[in-house]
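Colleague: take this sequence and fold it.
(3 chains)
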Amino acid sequence: MPELPEVESLRSLLDNSVVGRTIVGGRIGKKPLRRHVTRDFIADVKGHRIERIARRAKYLLIELSGGLVIVAHLGMSGSLTHRDGNAGSFGLDPAHDHAEFALDDGSRLVFNDPRRFGILRLMARERLSTLKELEALGPEPLGAEFSADYLAGKAHGRKVAVKNLLMDQRIVAGIGNIYASEILFRAGVRPTRRSGRVTRAEIERIARAVPAVLGEAIEGRGTTFRNYLDSRGEPGRFASKLLVYDREGEPCVQCSTPLRKVVVGQRASFYCAKCQR
DNA sequence: CAGATAACCTGCGTGC
DNA sequence: TGCACGCAGGTTATCT
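Modeller: Predicted coordinates:
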């Protein structure tokens, strides 16, 4: 579920709440995630201090003392909540709490993921760059490396729909299904357009829309479409700012034409047939 | 190689 | 009310 803005909001919140805390215990659930969580995970992190919270694309990186790092991916339905001593479960089903880290101030970090598409693994920080999942990622969409020139180069000669290109983590890392639709609406380009046929001017509009939309979403602490919760158990505020996603049939905010829904690469996509060409 | 598709898993809304 | 079905914010293995 979470795309870059949700993970970045999570990173920011945790950076202000758990850095400096030491992991004193915890537990790992029995059910496997997308990748199996090692049985001795808790024993390995116990006694280590949380030094910094970083992010790469949709991956959250919890850097620990002793050169360790916890790599977390929330998949489609994951959340990582920080609960103080007497906090409840934020409405999350405890049956899907797959990992729990007890901190030295009595609070807990809980990894909950009903669909279990998430990832939780521990590794040496120096080996992070060798992690297959991270190695294959393209540039950060909010970084200097991502530009109109870069995108034009990647789109050149490609037949894949431009929406799929934006969601391809090897091209640019962090954009998912919701923001891809929002970005293309902002850029005035239909999601179904073949990448290689998108004009230079359109590529430039897309390249500008990418950081603009993601940046605004981060300011709103992400989007809660169904049930995503941030580390405090609160929904993101950007959902009300979505202009096209999940708004089939509703009037376009710019021209009032009813918005359309089309499936592109097996994923629902929303657009305005008049504003987007 | 690029591109398309199925699969992983659970919950929830919809329509009969 | 119950049930079958479709769909969900992601990634990846496996086809053509």
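Colleague: tell me the residues of the stretch 101-250 of chain A that contact DNA strand B?
Modeller: A:114-117, A:158-161, A:164, A:195, A:226-227 (CB under 7 Å from any atom of the strand). C-beta here means a position set from N, CA and C on the backbone, and glycine is covered the same way.
Colleague: chain neighbours aside, what residue packs nearest to the closest residue to DNA strand C within chain A?
Modeller: Among all residues of chain A, A:Gly176 sits closest to DNA strand C, at 1.9 Å; criterion: CB to the nearest atom of the strand. Closest residue in space to A:Gly176, ignoring its immediate chain neighbours: A:Glu3 at 3.5 Å, by CB to CB, 6 or more residues apart in numbering.
Colleague: equivalent analysis for A:Arg125, please.
Modeller: According to CB to CB, 6+ apart, the nearest residue to A:Arg125 is A:Val69 (4.5 Å).
Colleague: tell me how many other residues crowd that neighbour.
Modeller: Residue neighbour count, defined by other CB atoms under 10 Å, stands at 21 for A:Val69.
Colleague: got a list of what it touches?
Modeller: Taking CB atoms under 8 Å, 6 or more residues apart in numbering, we find A:Val69 in contact with A:61-63, A:122-125, A:128.
Colleague: report the two of the residues you listed separated the most.
Modeller: When CB to CB is used, the two most widely separated members of the contacts of A:Val69 are A:Ile62 and A:Ala124, lying 13.6 Å apart.
Colleague: and those two? Which one has more around it.
Modeller: A:Ile62 (26 against 11).
Colleague: ramachandran coordinates for the more buried one?
Modeller: phi -100, psi 100 (degrees, to the nearest 10).
Colleague: helix or strand for the closest residue to it other than its chain neighbours, which one?
Modeller: In space, and not counting its chain neighbours, A:Ile62 is closest to A:Ile70: 4.0 Å by CB to CB, 6+ apart. According to DSSP states H and E, A:Ile70 maps onto strand A:68-73.
Colleague: pLDDT (mean, whole number) over stretch A:112-122?
Modeller: Mean per-residue pLDDT for stretch A:112-122: 96.
Colleague: quick check, distance from it to the centre of its chain.
Modeller: From the chain centre to the centre of stretch A:112-122 is a distance of 13 Å (CA atoms, centre = their mean, to the nearest Å).
Colleague: looking at chain A, which helix or strand does the model trust least?
Modeller: Here the helix or strand of chain A ranked lowest by mean pLDDT, DSSP states H and E is helix A:132-135, holding a mean of 94.
Colleague: what's that one in contact with?
Modeller: A:56-57, A:59, A:71, A:73, A:119, A:128-129.
Colleague: what about those residues, which are in strands?
Modeller: A:56, A:59, A:71, A:73, A:119 (DSSP state E).
Colleague: do any residues in stretch A:92-104 lie close to DNA strand C?
Modeller: No - applying CB under 7 Å from any atom of the strand, one finds stretch A:92-104 separated from DNA strand C by no less than 12.7 Å.
Colleague: in the stretch 51-200 of chain A, which ranges drop under the pLDDT threshold?
Modeller: Scanning the stretch 51-200 of chain A for pLDDT under 70 picks out nothing.
Colleague: show me where it has its helices.
Modeller: A:132-135, A:148-155, A:162-167, A:177-187, A:200-219 (DSSP state H, counting those that start in this stretch).
Colleague: circling back: so which of the contacts of helix A:132-135 reach DNA strand C?
Modeller: A:57, A:73.
Colleague: kindly format the C-alpha coordinates of the least confident helix or strand of chain A as CSV.
Modeller: Output of helix A:132-135 as CSV, limited to C-alpha atoms (Å, rounded to 0.1, in the frame of the first residue of the first chain):
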residue,chain,number,x,y,z
LYS,A,132,19.5,-7.3,-4.6
GLU,A,133,16.3,-5.4,-4.1
LEU,A,134,18.1,-2.1,-3.5
GLU,A,135,20.7,-2.6,-6.1
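Colleague: can you put the residues of the stretch 101-250 of chain A next to DNA strand B in TSV and add neighbour count?
Modeller: TSV is the format used below for these (neighbours: other CB atoms under 10 Å):
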residue	neighbour count
A:Pro114	17
A:Arg115	13
A:Arg116	17
A:Phe117	15
A:Arg158	17
A:Lys159	8
A:Val160	16
A:Ala161	21
A:Asn164	19
A:Ser195	23
A:Arg226	9
A:Asn227	12
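Colleague: thanks a lot, catch you later.
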